[in-house]
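In: task: produce atomic coordinates for the following.
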Amino acid sequence: MTTKPLLICLGTSTIGGFLELTAASKFISSSYTTQQLTAITPCILIGTGFWTLAHGFTVGKARMKYADRAKKDGEKDVDERYLLPNLYAQGVSKHARAFNCIQRSHQQIFETFTTVVLSGVMGAISFPICTAVSTFMYAVGRYQLSKGYAEAAEEGGDASKRYKYPFAKFMWYGFLCNVLLGMGSCGLIIGGKKTFG
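Out: So this is what the prediction gives:
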């Protein structure tokens with residue numbers, strides 16, 4: 001990973017968090033409004049979680065689709081290579097590569113989602129606006145990255161095309177910003193500068 005995304009996220013999280021802590025209090029007059037803003041991030045996360053579940057169904061359909069195509073093309077041991085309990089299809093045929101792109105479009109979500117949820121919820125306590133923006137960036141980028149991965153299946157299983165959508169890389173920016181905002185919020189809470197509610 002290059003340092004540029006990390007520096008961008010560190011800078012934007014720091015500036016955004018500082019502005020939110022200092023200037024936002026002039027615009028947010030009651031704790032009810034703060035609670036409403038804090039609820040935006042979990043709402044985005046719940047929507048992303050539901051989309052993840054729905055996206056999982058496309059993997060199940062693709063598993064059968066590419067197993068059937070492999071059988072029609074005369075591949076051997078198709079059931080043992082494609083069907084569950086195998087997470088990924090075994091082999092390097094065009095059908096195996098295509099299915100594996102779709103499977104990866106779903107599986108990669110779980111490598112970051114837990115961290116995004118935890119850091120997003122913690123970040124929303126102290127920085128509800130910045131965290132909602134970074135969580136939204138993650139969700140849009142995650143959707144486009146998964147879509148690019150899945151469409152790469154139809155393009156010969158070339159996973160390098162997963163970033164073909166312009167906002168796909170924003171998944172990583174949203175992820176990093178959420179981590180930084182969550183850690184900043186934890187630091188404020190541990191230091192006694194911020195309380196719940």
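In: could you point out which element follows the biggest helix by length in the chain?
Out: Longest helix of the chain, by residue count under DSSP state H: helix 40-72. Where DSSP states H and E defines the elements, the next helix or strand beyond helix 40-72 is helix 78-82.
In: just how off-centre is that following helix within its chain?
Out: Computed by CA atoms, centre = their mean, to the nearest Å, the chain-centroid distance of helix 78-82 equals 29 Å.
In: which elements pack onto it?
Out: With contacts taken as 3 or more CB pairs under 8 Å, 6 or more residues apart in numbering; DSSP states H and E, helix 78-82 sits against helix 40-72, helix 94-107. For glycine as for every other residue, the C-beta is placed from the backbone atoms N, C-alpha and C.
In: with mean pLDDT added, can I get the ones you listed in JSON lines?
Out: Compiled in JSON lines, the helices and strands packed on helix 78-82 are given as follows (pLDDT from 0 to 100):
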{"stretch": "helix 40-72", "mean pLDDT": "94"}
{"stretch": "helix 94-107", "mean pLDDT": "92"}
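In: export those as TSV, with columns for mean neighbour count and distance to Phe136.
Out: TSV is the format used below for the helices and strands packed on helix 78-82 (neighbours: other CB atoms under 10 Å; distance: least, CB to CB, whole Å):
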stretch	mean neighbour count	distance to Phe136
helix 40-72	16	6
helix 94-107	22	20
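In: can you tell me how far Gly123 sits from Gly187?
Out: Noted for Gly123: a distance of 11 Å to Gly187, by CB to CB, to the nearest Å.
In: more crowded one of these two?
Out: When Gly123 and Gly187 are compared for neighbours, Gly123 comes out ahead with 30 against 12, by other CB atoms under 10 Å.
In: ok, the more buried one touching Leu188?
Out: No: here Gly123 lies out of contact with Leu188, judged by CB atoms under 8 Å, at a distance of 10.4 Å.
In: could you report the pLDDT at the residue of the chain most remote from its centre?
Out: Within the chain, Gly74 marks the point farthest from the mean C-alpha position, 37.1 Å out by CA atoms, centre = their mean. Gly74 is assigned 93 on the pLDDT scale.
In: what distance do you get for it to Lys94?
Out: Gly74 is 13 Å from Lys94, by CB to CB.
In: residue closest to the middle of the chain?
Out: Arg142 (4.2 Å).
In: alright, that wraps it up for me.
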